[in-house]
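[1] got a predicted model here, sequence first, then my questions.
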Amino acid sequence: MSLLTTLVGEDGLIDVFRAWPPAQGNQSGDAGYWKDLPANLLECIANSGARIWPVVTPRNKPPCLELGSVIVAAKDKLDLAVLQALATFGLKITCPPTYIYELLSRYGGIKLTPRNVHDTLLVSSFIHVTLYIDLMMYI
């Protein structure tokens, strides 16, 4: 976990998922020892609050946030342009590989659903309108 945090924070790695251990099949013998490595790593990261989850953004280098601050989308389910449009409206979306996305159901990742998008857009819109009204009071 420290390696991922260092790669994201100090080295500026953009695609942190390239540094994750690959998905492990059902193996036996010595290879079976490694089968739970991705799940164990995910559990450590989820419990630590490490800011390694890159969010979709139109910018070149995405910021990284902790798991509790992002909505998780399956990498190949939505077009990048749709995700960037949602990000423009304030959604913080991360798109891990499919095997990590599937593991997240055990660790409380907030999945991208129409309900989550709706709720986030309502809050985001309320904040924008409130800030606009506050700003107009000073003009």
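    Done, it's in. Numbering: from 1, shown residues only.

[2] the residue most central in space within the chain and residue 34: what is the separation?
    Central residue of the chain (C-alpha atoms, centre = their mean): residue 94, 3.0 Å from the mean position. From residue 94 over to residue 34 the distance is 25 Å, taken as C-beta to C-beta, to the nearest Å. For the C-beta atoms, the positions are set from N, CA and C on the backbone; glycine is no exception.

[3] got the residue ranges for the strands in the chain?
    For the chain, the strands defined by DSSP state E occupy 53-54, 64-65, 71-72, 93-94, 110-111.

[4] between the ones you listed, which one is nearest to residue 83?
    strand 93-94 (5.5 Å; C-beta to C-beta).

[5] chain center to the closest one, what's the gap?
    How far strand 93-94 lies from its chain's middle: 4 Å, per C-alpha atoms, centre = their mean, to the nearest Å.

[6] can you give the strand pairings for it, parallel or anti for each?
    strand 71-72 (parallel) (DSSP bridges).

[7] so the residue nearest to the centre of the chain touches residue 74, yeah?
    No. Under the criterion of C-beta atoms under 8 Å, residue 94 is not in contact with residue 74, lying 10.8 Å apart.

[8] so for the closest residue to residue 84 other than its chain neighbours, what's the pLDDT?
    Leaving aside its sequence neighbours, residue 84 sits nearest to residue 58 (C-beta to C-beta, 6 or more residues apart in numbering; 5.3 Å). On the pLDDT scale, residue 58 is placed at 74.
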